[in-house]
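*Asks:* Give me coordinates for this.
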Amino acid sequence: MDEQLHSLPRRLIELRIEHADLDALVDRMVEQPPVDELALQRLKKRRLALRDMIARLEASIAPDDLA
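*Replies:* Prediction:
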């Protein structure tokens, strides 16, 4: 059971959820002035980092079709 809690597919799902949550938060912040530019910049940076982590995990899980 403990293995499933820390599996790559589960981690991928968690990262996707966090990314979606950040997307929604960024959208809400932009629509409701005044905008805290520093906070918005930090959220966007975290969202980008999550996207990169998701891409790396997807690449490690998916078989390499070119091999």
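*Asks:* Quick one: the helices in this structure, in order.
*Replies:* For the chain, applying DSSP state H gives helices covering 2-5, 8-31, 37-61.
*Asks:* Mind putting these into TSV with mean pLDDT and mean neighbour count?
*Replies:* No exception for glycine: its C-beta is placed from N, CA and C like everyone else's. Formatted as TSV, the helices of the chain follow (pLDDT from 0 to 100; neighbours: other CB atoms under 10 Å):
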stretch	mean pLDDT	mean neighbour count
helix 2-5	54	7
helix 8-31	95	13
helix 37-61	95	13
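*Asks:* need the contact list for Leu43.
*Replies:* By CB atoms under 8 Å, 6 or more residues apart in numbering, the residues touching Leu43 are Leu22, Leu25, Val26, Met29.
*Asks:* Mind doing that once more with 7 Å?
*Replies:* Leu43 sits next to Leu22, Leu25, Val26 when contact means CB atoms under 7 Å, 6 or more residues apart in numbering.
*Asks:* Could you do Leu15 as well?
*Replies:* Residues counted as contacts of Leu15 (CB under 7 Å, 6+ apart) are Leu50, Met53, Ile54, Leu57.
*Asks:* I'd say the last one and Pro9 touch.
*Replies:* No. Between Leu57 and Pro9 no contact is recorded; they are 8.6 Å apart, counting by CB atoms under 7 Å.
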